[in-house]
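In: Have a look at this prediction, sequence included:
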Amino acid sequence: MTRSIKPLVAGNWKMNGLRAELAIAAEVARGYGAELRHAVDLAICPPATLHFAMTAALIGSRIATGGQDCSAQSSGAFTGEISAGMLSDAGATYAIVGHSERRTLHGETNATVKAKAEAAQKALLVPIVCVGETQAEREAGKALAVVKKQIRGSVPEGSTAATLVVAYEPVWAIGTGLTPTAADVAEMHAAIRAELGKALGKAAASGVRLLYGGSVKPSNAAELMNVAHVDGALVGGASLKAEDFLAIAKACA
Ligand code: PGA
């Protein structure tokens, strides 16, 4: 944790959720009482089809919503794409960009991710820029170098604490139940903060929220959140259960 930073816990629903699952968001809202609201910010990133309905269901709850991706383009002949402006119009505050599933399955490069992050910022959304090494890269001792390069290539110039969130998600920890050691997370988050300092200046970098993501659960959240420079969590699987998502939020508080 960084004392001066209010943590953010964001749920990434990925390609899960029909309208019936809006009840999960409503249950999270019921559990997000005054004390928790004071201590931690919450966001849910639903599939695009649910975005507007979810934002409506969360009115008054102070839970934000976010897209799981956005186009680098603002409008036009891009079949199937969703612009940052459209997400904003549907009530979004955030847009995840550069998730490892997008980088791997859709061939997104650092340059693509940066262009998407810039598009998000232009639409006044806060991009949650995801970075993280593969298992092979970690085993080869390249984790720090890979992630620093992703930071340099994916983060828009001029980003500030108010306009950027970064999520460190080791690819091998996503959906696997595996997590890095607290020492590894500490080393990586300190390196990310330092790299952001070089790119954005120390003052701006010191306030950027650095989330950890990858198999965050109620049972490991407190330990992960205790690590220096971990300012919240990006939660996949466990965000689909209101009880688990709230337990993680409490662990971050
Ligand atoms: P997980 O996913 O919590 O299910 O590991 C995290 C993510 O992909 O953001």
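Out: Thanks, I have it. Numbers count the residues shown, from 1 in each chain.
In: Now the protein against the ligand: closest residue?
Out: G236 (2.2 Å; C-beta to the nearest ligand atom). For glycine as for every other residue, the C-beta is placed from the backbone atoms N, C-alpha and C.
In: Report whether the expected contact of that residue with K14 is present.
Out: Yes. Between G236 and K14 a contact is recorded at 6.2 Å, counting by C-beta atoms under 8 Å.
In: coming back round to it: got the phi and psi for the residue of the chain closest to the ligand?
Out: phi -90, psi -100 (degrees, to the nearest 10).
In: contacting residues around it?
Out: 11-12, 14, 174-175, 213 (C-beta atoms under 8 Å, 6 or more residues apart in numbering).
In: Could you do A10 as well?
Out: Taking C-beta under 8 Å, 6+ apart, we find A10 in contact with 42-45, 66, 94, 96, 128, 165, 167, 211, 232-235, 239.
In: which of those lies closest to V146?
Out: V146 has its nearest neighbour among the contacts of A10 in A167, at 15.0 Å by C-beta to C-beta.
In: and the gap between that closest one and L36?
Out: The spacing between A167 and L36, counted by C-beta to C-beta, to the nearest Å, is 21 Å.
In: and those two? which has more neighbours close in?
Out: The neighbour comparison of A167 against L36 (other C-beta atoms under 10 Å) goes to A167, with 27 against 18.
In: Assign the more buried one to helix, strand or coil.
Out: Three-state assignment for A167 (DSSP: H, G, I helix; E, B strand; the rest coil): strand.
In: I'd assumed V126 was in contact with it.
Out: No. Look at A167 against V126 with C-beta under 8 Å: they stay out of range, at 11.8 Å.
In: What's the per-residue pLDDT of A143 here?
Out: If you check A143, the pLDDT there is 98.
In: Skipping adjacent residues, who's closest to it in space?
Out: Of all residues not flanking A143 in the chain, E133 sits nearest, at 4.1 Å (C-beta to C-beta, 6 or more residues apart in numbering).
In: And the one you found, how close does it get to H38?
Out: 35 Å.
In: between the two, who's got more neighbours?
Out: Between E133 and H38, counting by other C-beta under 10 Å, E133 is the more crowded of the two (25 against 9).
In: is it true that S100 touches V129?
Out: No. Taking contacts as C-beta under 8 Å, S100 lies outside contact range of V129: 11.9 Å.
In: who has more neighbours, those two?
Out: Higher neighbour count among S100 and V129: V129, with 27 against 22, using other C-beta under 10 Å.
In: now the host helix or strand of A23: how far from the chain's centre is it?
Out: Per DSSP states H and E: A23 is located in helix 22-31. With C-alpha atoms, centre = their mean, to the nearest Å as the basis, helix 22-31 stands 20 Å off its chain's centre.
In: helix or strand right after it?
Out: With secondary structure assigned by DSSP H and E, helix 22-31 is succeeded by helix 34-39.
In: need the next SSE after that following helix, C-terminal direction.
Out: strand 41-45.
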